[in-house]
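Peer 1: Structure, please.
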Amino acid sequence: MAHGRIAFPHGSLGASELIAAFTAIPADITFVDAGNIIRYYSDYRIFSRPESCLDTDVLDCHSAGTRPSIASLLAEFRDGRREDVVFAEKKDGRPVSVRYTALRDDEGTYLGCLEIAQWAGEVEG
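Peer 2: As a prediction, this is how the structure comes out:
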């Protein structure tokens, strides 16, 4: 970070610019760290969640029926058997695309998982 800016491979952003950029993205974004703790979710909501889910285990925010599949997916990300998966779902009768992506540093160390949910087949104008 130089002069209060966060350096990226193709430029830099100040903290307020980064917050504004993430807020403007029309997607439901959640970051779960390497310890399976929810550390961030965006203001844009497709799937509701209470603010109290921050800093808690992601498995605690899912139904008992989905916990085994979520735990398995995170284990596959952690040990490198999988890097990315996309699911198609319905929310209130509307199609949703949900992508889970493993995040790794330059040495390949698992940092966590990014979940990105977007309304499928719609273009905002």
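Peer 1: Give me the spatial nearest neighbour of residue 102, chain neighbours excluded.
Peer 2: residue 77 (3.8 Å; CB to CB, 6 or more residues apart in numbering). C-beta coordinates here come from the backbone N, C-alpha and C atoms, glycine included.
Peer 1: can you tell me which residues contact that neighbour?
Peer 2: 83, 100, 102, 110, 113 (CB atoms under 8 Å, 6 or more residues apart in numbering).
Peer 1: What pLDDT is listed against it?
Peer 2: Looking at residue 77, its pLDDT stands at 98.
Peer 1: re earlier: give me the subset of the contacts of residue 77 that lies in strands.
Peer 2: Using DSSP state E, the subset of the contacts of residue 77 located in strands is 100, 102, 110, 113.
Peer 1: Only the buried subset of the contacts of residue 77, as a ChimeraX command please.
Peer 2: In ChimeraX syntax, the buried subset of the contacts of residue 77 is picked out as below (16 or more other CB atoms under 10 Å):
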select :100,102,110,113
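Peer 1: among the contacts of residue 77, which two are most distant?
Peer 2: Longest distance between any two of these is 13.0 Å, between 100 and 110; criterion CB to CB.
Peer 1: check which helix or strand covers residue 88.
Peer 2: strand 84-91 (DSSP states H and E).
Peer 1: Spatially, and excluding backbone neighbours, which residue is closest to residue 78.
Peer 2: Spatial nearest neighbour of residue 78, chain neighbours left out: residue 110 (5.0 Å); criterion: CB to CB, 6+ apart.
Peer 1: Return the residues in contact with that neighbour.
Peer 2: Contacts of residue 110 (CB under 8 Å, 6+ apart): 34, 77-78, 80, 102-104.
Peer 1: Now with 10 Å, please.
Peer 2: Going by CB atoms under 10 Å, 6 or more residues apart in numbering, residue 110 touches 33-34, 74, 77-80, 102-104.
Peer 1: Please identify which of those is nearest to residue 17.
Peer 2: Nearest to residue 17 among those, counting by CB to CB, is residue 103 at 21.0 Å.
Peer 1: Is it correct that the closest one is in contact with residue 116?
Peer 2: No. Counting by CB atoms under 10 Å, residue 103 sits too far from residue 116 to count as a contact (11.7 Å).
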